[in-house]
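Chemist: any chance you can model this:
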Amino acid sequence: MLNAILILIAFTFIPGLELRASIPVGAFKYDDVLPLWLTVMTCVISNVIIGWLVFTLITPCANLCRKVHWIDVLFEKYLERAQRKLKPQIEKYGTWGLALFIGIPLPGTGAYTGAAGAFALGMKKRQFAIANIAGVCMAGIAVTIIVMLIRAGIESPLFNFLIKR
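Modeler: As a prediction, the model looks like this:
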């Protein structure tokens, strides 16, 4: 059981995958070891933690990146891209715009990009914490619903594509 939980945490900490991958892994690979509620809680809590870690550690990382020119250029491009993606939503909806961005379980969204964008836009820690928790919970609910539909045998070309790959 502990091994399965550690694997789910590791999957959740992979940028781009986050709980979009870890909940299905837990639900389909470790369903005999972990109940679905424990899988979801493990992945959601891990994803909230990684968002907070990224937001907290991005300032020291930025300072380190500035010491090596080519790393600084890549880091700045990453921050600019995150800022460009988030700025319209945050300007229009504020904290809840960021929460929605984090909560949509699609590639390019999530806690990593949300934390970088919030940092680049100068969002306060409290605002980010609220958006991060709300967004990760939204994503967790959405992914869990999809997993439950697949487990229930709901047929869809998208679900079949995801399962066969």
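Chemist: share the number of residues neighbouring residue 91, please.
Modeler: 10 (other CB atoms under 10 Å). Quick note: C-beta positions are derived from backbone N, CA and C, even for glycine.
Chemist: same check on the one 3 residues further on?
Modeler: If you count neighbours by other CB under 10 Å, residue 94 ends up with 13.
Chemist: contact partners for it?
Modeler: residue 127 (CB atoms under 8 Å, 6 or more residues apart in numbering).
Chemist: now with 10 Å?
Modeler: By CB atoms under 10 Å, 6 or more residues apart in numbering, the contact list for residue 94 reads 123, 127, 131.
Chemist: and if you look at residue 25?
Modeler: 4, 7-8, 10-12, 17, 19, 39, 43.
Chemist: from these, which two are the most distant?
Modeler: Spatial extent of these (CB to CB) is set by the pair 4 and 17 at 16.4 Å.
Chemist: ok so, going back, would a markdown table of the contacts of residue 94 with secondary structure be doable?
Modeler: Converted to a markdown table, the contacts of residue 94 look like this (DSSP: H, G, I helix; E, B strand; the rest coil):
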| residue | secondary structure |
| --- | --- |
| 123 | coil |
| 127 | helix |
| 131 | helix |
